[in-house]
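*Asks:* I would like the atomic coordinates for the input below:
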Amino acid sequence: MYIQSAEQATNPSKKSLEFLKLMTRLIQQWRHNRRSRRHLAELSDYQLKDIGISPSERQHELDKPFWR
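*Replies:* Numbering: from 1, shown residues only. Sure thing, here's the model as predicted:
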């Protein structure tokens, strides 16, 4: 049976911290994708034309899952 020392129990390993940082960044990116696509969906045809995006390009972006 493996018993953690007090130091090991109170100090997460470097790998654990790196994993948590990676997951935090990943979730932040997913939230950003979701927000930006929601805003893109709300733009009028005039606004799309103004920023140089066609309706089909918008639809292609909106069809993507949040993780891409």
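
*Asks:* Every contact and neighbour count from this point should use C-alpha atoms.
*Replies:* Fine.

*Asks:* L17 versus S54, what's the distance?
*Replies:* 42 Å (Cα to Cα, to the nearest Å).

*Asks:* Which residue ranges of the protein form helices?
*Replies:* 6-10, 14-42, 45-51, 55-62 (DSSP state H).

*Asks:* Could you dump these into TSV and include mean pLDDT, mean neighbour count and distance to R68?
*Replies:* Conversion of those to TSV gives the following (pLDDT from 0 to 100; neighbours: other Cα atoms under 10 Å; distance: least, Cα to Cα, whole Å):
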stretch	mean pLDDT	mean neighbour count	distance to R68
helix 6-10	58	9	36
helix 14-42	95	13	8
helix 45-51	96	11	21
helix 55-62	96	13	10
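
*Asks:* what about S44, distance to Q59?
*Replies:* 13 Å.

*Asks:* Same question for R37.
*Replies:* In terms of Cα to Cα, R37 sits 10 Å off from Q59.

*Asks:* same deal with F66?
*Replies:* Counting by Cα to Cα, the gap from F66 to Q59 is 14 Å.

*Asks:* same thing with H39?
*Replies:* 13 Å.

*Asks:* Equivalent analysis for L20, please.
*Replies:* In terms of Cα to Cα, L20 sits 33 Å off from Q59.

*Asks:* likewise D45?
*Replies:* Distance from D45 to Q59, by Cα to Cα: 12 Å.
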